Structures are given as structure tokens and as C-alpha cells.
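Chemist: coords below, sequence missing:
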């Protein structure tokens, strides 16, 4: 475990050095992130200028949800998406040989070798929104809610990582997986609102097919007291199951990789 932690720190340090070589690009990305963040706040303000709640979700509950959405979006952009894109490129170009020959677990290496440092801005802004929501609703938020929130957030992170790993592994058989990624990002935008506002069929799809509910709505709901312990148990089981399936699928894909010399 210590060895893997050291490797993650090494990957992060190298990524920071790469970002430092292109400071203008880094600053531009951060400014765009701030602009998008401001647009989201304007959108939220517009909604609550015309209504007091969104299917039962109050303004600061929505602030918490938007914070979770921004944190998860940042996490995906920080390490999950860029590394999964590298997997697709390596498989297509036959460069995965250099990965599987390294003396380290291949799934770990392909999952953490690249860190997009500027996406930390998204995570920071998301944390800021969650903190503001907690301060404004301090009287109704308990330590148990915070514990459930953290647990649900971790479970959501595992679920979304597993989803992306399955998506990347499909590149062993498909050549246009990037198109599927664009579909995901378009659907992911629905995660900035609670799944409660959608029709039952769409709600189930956003929970069990594209697991947006587990990565945005449920964690935010746990923080504001909308998620029960049974929901946490379901999220943990879903996370463990999805990780097991994704890892097995990855190993199955590796067995069908012919390599650059084929």
C-alpha cells in the first residue's frame, strides 16, 4: 500500500511539473472553471428567484448538490477521464505493451499515471459550496449526516471510476469509444439537479444505468438528511460490486490484447 501511495505522489509531482511548464494554459483553464462556476450560480439564482424549492429541495440543499456535482466533475477530470482516454489511445495504437510490462499492477498504473492539476479548482469550489451549505443549515446537519455524506461520496467515486474503467476496456473491441464518452458527459449534466425531479423511468436510468444518483444526488441527500442508512448500504454494495465487475472486465480485456507486435 505504501508503495502505491508513493507512486501516486510521484505521478502527481510529475503532473505538477508539466503544468508549471505551461502556466498560461493552467491559468486559462482555471479562469474558464471560475466562469463556468459563476454561470452555475447564476442559473441556481434564476431558479430560486421564481420558486422556493425544486421538488422539495431548498436553495441551500441545492447549493450542497451543486457542490457535490462540482467536486465529482473535478474528480473525473482530475484523474479518471484523462487516464481512461490514455488507455483507449494505448490500446488503439498498440502501446499498452509498455504498461503491462511494468512491475506494478496494470490497473493501478493506468488509473493514476496522469493527474490534470488544474481540475483541483473544480474540487475546491465544490468543497466551498458544501461548506457554505453546511454553515447555512448547521442546525439541521448532524455528525451522522457528515459521516454518511463522506461515505456516500467515496462510494460514488468508486462507482464512477468503475463505470469509466468499463468504458475504457471496451476499447479492446471497439474503436470509437470516445463517442460514448461524449454521450456520458452530456448525460452527466443532469447530475447538477436532483434525480427526484425526473420521471420514474428516467430516474431509474440515472440511478442504475448511468449512476448519477449515486454520485451526486445521494451524497448531497445524505448531508441534508434525505438519505437513509439503507441508501448508504445500497451505495456501498453497488460500489463494491461495480469495482469487482470493472476489474474483472479489465483483466478479461487484457487477455484479449494482441499487442503492438501482432
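Modeler: Received it, and whenever you're ready, just let me know what you need. Nothing here was measured: the structure is a model prediction, and the numbers come from that model.

Chemist: For residue 196, list the residues it contacts.
Modeler: 55-57, 203, 217 (CB atoms under 8 Å, 6 or more residues apart in numbering). Any C-beta I mention is one placed from the backbone N, CA and C, and that applies to glycine too.

Chemist: Buried only: go through those for me.
Modeler: 57, 203, 217 (16 or more other CB atoms under 10 Å).

Chemist: circling back to that earlier point, ok, the contacts of residue 196 vs residue 164, which is closest?
Modeler: Closest to residue 164 out of the contacts of residue 196 is residue 217 (19.1 Å), distances taken as CB to CB.

Chemist: pLDDT score for the closest one?
Modeler: The model reports residue 217 with a pLDDT of 92.

Chemist: Tell me which residues of stretch 75-95 come out buried.
Modeler: For stretch 75-95, burial by neighbour count (16+ other CB under 10 Å) applies to 75-88, 90-92.

Chemist: what about that stretch, distance to the chain center?
Modeler: 15 Å (CA atoms, centre = their mean, to the nearest Å).

Chemist: With stretch 178-194 instead?
Modeler: That offset, for stretch 178-194, works out to 11 Å (CA atoms, centre = their mean).

Chemist: do stretch 233-243 as well
Modeler: Remark: stretch 233-243 is offset 15 Å from the chain centroid, using CA atoms, centre = their mean.

Chemist: What mean pLDDT does that stretch get?
Modeler: Confidence for stretch 233-243, expressed as mean pLDDT, is 94.

Chemist: can you tell me which residues contact the nearest residue in space to residue 206 that is not next to it in sequence?
Modeler: Computed as CB to CB, 6 or more residues apart in numbering, the closest residue to residue 206 that is not its neighbour in sequence is residue 212, at 4.5 Å. With contact set as CB under 8 Å, 6+ apart, residue 212 has these partners: 187-188, 190-191, 195, 206.
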